[in-house]
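> Next comes the sequence, and after it the predicted model I'd like to discuss.
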Amino acid sequence: MNLIKLRFSTVCFVFLAILLDGNSLLAQQNFNDYKTLASVGTIPADFTQLTYAKIKDDLKTERTSLKGKNEKIFLEGIHYSIDEMLHSGKVIYGDEITLYLNAVAQKILKDDATLQKELRFYTLKSNVSNAFSTDQGIVFVTTGLISQLTSEAQLAYILAHEISHYTEKHVVETFDWKTKTDRSDRTIEKLSQYSKEKEFDADKIGLKMYHAAGYSKEEILATFDVLMFSYLPFDEIAISKTYFNSEYMFVPESMFSPEKYPIKAVEDEDDSKSSHPNIKKRKDAAEKELANLSNWGKIVYSLGEEKFKYIRKIARFESIRNDVIDANYADAIYSIFLLEKEYPNSIYLQRMKAKSWLGMAQLKELNKLNATLQKASDYEGEIAELHFFLRKLDKIGLITLALRQVQDIKKLQPNDKEIQLIWERMVKTTTITEKFDLTAFSSLKFDEAKIEFERIKADTTQKVENKTENLSKYEKIKKKKNQNDPLNFDVEKFYLYGIADIIKSEEFLTTFNKFKKELDEQKAEEEKEDLLSRGERSKLNKKEEENQIRCDAQDLIFVEPIVYRYRHGQIDRIKSEKLGEDFVEIIEKTSKDLDMNVTTISSSTLKKLGTPGFNERAVLLSYLQQITNEEDIDVFPVDYTLLTDIQTNYGTSKVMFSILEHSYQPQFSAVLFSSVLFFPAALVVFPLEILMGNETDLNVIIMDIDKGGIAGGKFYHYKEPLSNLSIGAHLYDVLTQVKSKPL
Amino acid sequence: MKKIVKVLLMLVFVNQVSAQNPGYFGKKNVLDFSVNFQSPLFANLRTLSRKDATFLALDGSNLISKKDQFDWGFRFNYSRPLKRNFAIGLEFGFDYFSVQRESRRENYGSYNFYFENIDVNSMSIMPKFEFSSDGGLLPMGISHQLGFGVRLIKPVDKEYTVAASEEYLLYSSSINIPIEPDYSSYLKYDGPSIKGYTLMYALNFRSPLTKSLMLNYGIRYTLNFMGSTYINDYNVENLSDLELNEAEFTDIVRYRKQFSLIQANIGLSLAF
C-alpha cells in the first residue's frame, strides 16, 4: 500500500513539474547539440515481461470475452505483434515526448482513475504519422504524427480517439467479427465497412472526451487536415535554388524543375477499401457531433504553446534520424533544410546531413539511389523539387556534390571525429567510383571559369580558332579534355568546377591516394587471383572465409538474437521466444568456457540491465536496422557517437548480431516416389527424410564500432535436429573465431 | 600392427592442419563406439526373394531350420576433423554372422549330409574420410563417410554338427533333421583366416548429448569383395570331403556378405 502511495506521489510530482513551468525533470534538449530521444526512468513491465508469460496471465484472468481456441489465437497474435514493436528499439518510455503524451492523456482522463491506471502511452520513433491503441491498453504515438501537429488540442483529440478504441474494445470486437463471419462474407469491402463504423464510433466518443476535457472545438477539423496531409513533410517550403551553392560550388538553375508539383490529396477520396472513412466523411460526422455538444472549452494549450512547440521540434529532429535509418536520405536533407534555418550551427543537423550525402553517394555509386527517390509520377509538394534535382544529377555529379557538402561540413566542424570518419568514407567512395578522375576537375571555380569563358568568347574567338587549327589531332584531344581550359566550360557539368579547392588540398589528396592505393592493391590482388589455379583459388577463398570474423577480441557485446522457429510454415512464436532465451543462456555459458567477456544486451536481460541497457539495445538495433535496410552499402551508423559510448562502457568495439531460423520439413514426396518405383527403397528414404528434415540457418554479423561498420559475418546452414548443444557447438565455433587472430 | 600405429600417430599429429576447426566444444578427437545390425529384411537383397534362406541350427538332438539370422557387430572409430567439414578416421570393426554350407550327398550311397550353420567372426580395419556440408561442424551433425578397408574373417573355433539323413530335404522353413549318433559327426573348422575388402559409404549422425558425448546413429552401405575358386560337386566319397576348406569357406562367406548392402548402427561418441 505504501509503495502504491509512493509511486502515485512520484507520478504526481512529475506531472506537476511539467504543468508548472513546462519543464520536465529531464534536461531540456539543446537543439544545437541534439541527442536522440532515449528512455528514462524505471523500465515498465510491458518491456520486461516475456510474451508467453503475458499470454499466460491473460488466459488466467480471462481478460478478453473470447473463449477457447479463439482466445489463444487472439492473445498470441496481439501480444507477439505488440511485443515485437516494444522490443524493436523504436519504442521509448519516460522521455520528453512520452511524458508530454501522458500529461495530455491525464487531462483527458482526469475523471477516470481506472483508465488512468490501465492505459500506458509510449512514443514510437517512426516517420509514419500514426497513433494506435492496443487491446492490452497501450497507446502508441509516432514522432511522425507529433511532428505534423499544430496544437496540443489536436494531440488531445487523437489520444481521445485512441482511448475510445480501447474503451469500446474495438480490437477484440474486430477479431471476433472476423472469426464469426463466413469466409465468403469477409471481403475487403465488408471489412472496410466494419472498420469504418468503429472509426466513426471512436471519433464520436473521442469527441465527447475531448469536449469534457475543455479543449477548443476549433481544433477538431484542423486535426483532420493534419491527418490528410501527414504523408507530406512537416512543412511546405520551397527549397532554394541556391541551397547547394557555396564558395566553390555553383549549381545552375537549369538543374531544377521549371514547374511546381501540386498537392494531390483530396478530402473525398474513394474509401471503399480503406480501414478509415475519408476525411470529408469524418469531418461531416464530426461537425454533426460538434453541434450536439454545448459549453465548449477554449483550451488549445493546457501545457503551454512553447512546450508544445518544443515537443514538436524534438519530433521533427527525430524524423531526420528515422529517415537516415530507413535510407530516405533525400527526405532527411529536406527536413534538415527546414530545420537548419533556425539551427544553422546544429552539430546534429550537420552530422545527419553528412551521413545523408554519404549514403546517397554510396547508393549512386551502385546505381541504386533512384530506388530511394520519388518517381516523377509521385512528385508532390515542395519536396518534389529536391527529388527532381537529385534524379537529374549524373553519377559523378551527385558524388561530387556530396563530397562538396561533406567537405563544407568538415570545415565547419574540424574537430568532430564522427564527421571526420564520414568524410573519410566519402573520399573512399570517390576512389571506388568509376570515372571519378581528379584530372577531369577544373582548378577554377565555376564563376571564375564562366567569367574567363565569356571574356575569351567576346574577345578572341577567331584567334582561338586559328590557334586550334594549328594543333595536331592529339593536342586538340588533350586540349578538349583539359577542364582548366576555359574553352571547355560546360554549364551542365557544373560540378567539375565545384571542388577546385578540394583537389588542391593536401589532406584530401593524401586520403584519396591512400584509398586509391588500397584499391589498386586490391585490384592487383584480384588480378593475381585470376591467374591462380583452381586449387589455389579455392584455398585462398577458404582463407578469406576463415578470416571473416577473426578479430582477436576477448570482449564482445552480444545483441539479442533474432530467433524464428517455424511450424507448418508459420512462425511458432512461443517456441521462438523460448529458444531465444536459451540462445542467450548458451552464449553466456559458451563465452565462459572460452574465457571471453561477453555482455548480453537482450530483452531477456532487460530487468537486470535496466533503462541504460534498454537504450543501448535500441542504439544497436537501430544500426542493425540500417544494415538491413541498405545491405549493399557500407552504411555509416546513425548513432555513431552513442555507439562509441557503448564501446567505452563495455571496453570493446566488437558487437555481435545473430539470426537463428529453424524448420522441420521432411519431404515425404520423395518417399512416395521411391515407394512407387521400388518399395524397399522407401524403407531407406523414409528414415532419411525423418532424420534430415531439419533445416537450421545461423547467421552471425560482427560489427566494429571503431571502424563504424561491419567487420565480417558467418553463415551456417545445417540439417541437424535442433538442440541447445548443437547451437552451443556452433556458437563455440563462432566465438573461437572472434577470439582468434586473423590467419 | 606397425602400420596401425603409424596411422594413429599420423592422426594425432595433424594438430596444425586442423587449427581451423574448434572441434566439438574445443575437443578435436572423437572416439565412436557403435553397434551395428542388419535385420533379415536388409541383410541382403537376394534373401528377399529366396524362401530357402534358411540356416540349420543345432537344437538338442536335431538340426532345425531357422530363418536368416540377425547379423550384428560393433565398431570402434577414432576420427579427427581437419576442417569444419572434413575429417579423417580409422575404424576397427568386429562382426558376427553365420554362414550355411550346402548339403552333400554320399557318392554311391543313400545318405545326405546336412551341416550346422557356421558362426563367423570378422574383424576389419578401415581408414575413412568424413565429409559434411559447408555449414557442417564435424564431428557433430550429419556426415558422409567413405572408407575402404581390409576384413579378416574366421569361423568360430568349435565343433559343428554334421547330420546324415537318408532323406533328401530341400531347405525350407520346416526342416527337422534328427542327429543320429551312428551316422552323424562333428567337425572343427580351424583353418586360416580369409581376407576380404570392403568399400563403405555411410550417412552418419552425431547428435549432442553432453559437451563431450554424442549419440551416433546412421546407415551404411557396404560392398564386400573376396575371391573364391571353389566349385561344389556335392558328392562325398570320403568323410574327409566333409571338411571345410578355405575355398569353400571363402565362397559361402562371399555369398553371404556380397549382398550385405545396408546396415544400421547406433552408439556413443566421446569427444576429447
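Arrived safely, thanks for sending.

> Helices of chain B, start to end?
B:2-12, B:40-43, B:45-49, B:246-257 (DSSP state H).

> Now do the same contact list for the residue in the stretch 251-400 of chain A positioned nearest to chain B.
Going by C-beta to the nearest C-beta, chain B is nearest to residue A:366 of the stretch 251-400 of chain A, at 27.5 Å. The way it works is simple: take the backbone N, C-alpha and C, and place the C-beta from them, glycine included. Applying C-beta atoms under 8 Å, 6 or more residues apart in numbering or on different chains to residue A:366 gives the contacts A:632, A:633.

> Grab the most central residue of chain B for me.
residue B:95 (4.1 Å; C-alpha atoms, centre = their mean).

> Give me the neighbour count for the closest residue to residue A:729 other than its chain neighbours.
Of all residues beyond its chain neighbours, the one nearest residue A:729 is residue B:140 (5.1 Å), with distances taken as C-beta to C-beta, 6 or more residues apart in numbering or on different chains. Residue B:140 has 30 neighbouring residues, counting by other C-beta atoms under 10 Å in any protein chain shown.

> Which of the helices of chain B has the lowest mean pLDDT?
Mean pLDDT per stretch puts helix B:45-49 lowest among the helices of chain B, at a mean of 46.

> residues touching the residue nearest to residue A:729, list them.
A:720, A:726, A:729, B:24, B:206, B:207, B:208, B:214.

> now swap in residue A:614 and tell me
A:39, A:43, A:47, A:606.

> one more time with 6 Å, if that's ok
By C-beta atoms under 6 Å, 6 or more residues apart in numbering or on different chains, residue A:614 lies in contact with A:39, A:43, A:606.

> Dihedrals phi and psi, the second one?
Same thing as residue A:43. In this entry, residue A:43 is assigned phi and psi values of phi -70, psi 120 (degrees, to the nearest 10).

> Skipping its backbone neighbours, what lies nearest it in space?
Counting by C-beta to C-beta, 6+ apart, the residue nearest residue A:43 is residue A:611, at 5.3 Å.

> what's the answer for residue B:35, then?
For residue B:35, the spatially nearest residue (C-beta to C-beta, 6+ apart) is residue B:74, at 5.0 Å.

> quick one: pLDDT of the one you found?
96.

> Do I have it right that it meets residue B:37?
No. With contact defined as C-beta atoms under 6 Å, residue B:74 does not reach residue B:37; the gap is 9.8 Å.

> Show me the shaky parts of the stretch 101-250 of chain B.
Within the stretch 101-250 of chain B, the segments meeting pLDDT under 70 span B:172-173.

> In it, which residue sits closest to chain A?
For the stretch 101-250 of chain B, C-beta to the nearest C-beta, closest residue to chain A: residue B:208, 3.3 Å.

> List the contacts of that residue.
Contacts of residue B:208 by C-beta under 6 Å, 6+ apart are A:723, A:725, A:726, B:214.

> Tell me the buried residues within those.
A:725, A:726, B:214 (16 or more other C-beta atoms under 10 Å in any protein chain shown).

> Compile those residues into JSON lines and extend it with columns for distance to residue A:574.
Shown next, in JSON lines, are the buried ones among the contacts of residue B:208 (distance: C-beta to C-beta, whole Å):
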{"residue": "A:725", "distance to residue A:574": "22"}
{"residue": "A:726", "distance to residue A:574": "21"}
{"residue": "B:214", "distance to residue A:574": "28"}
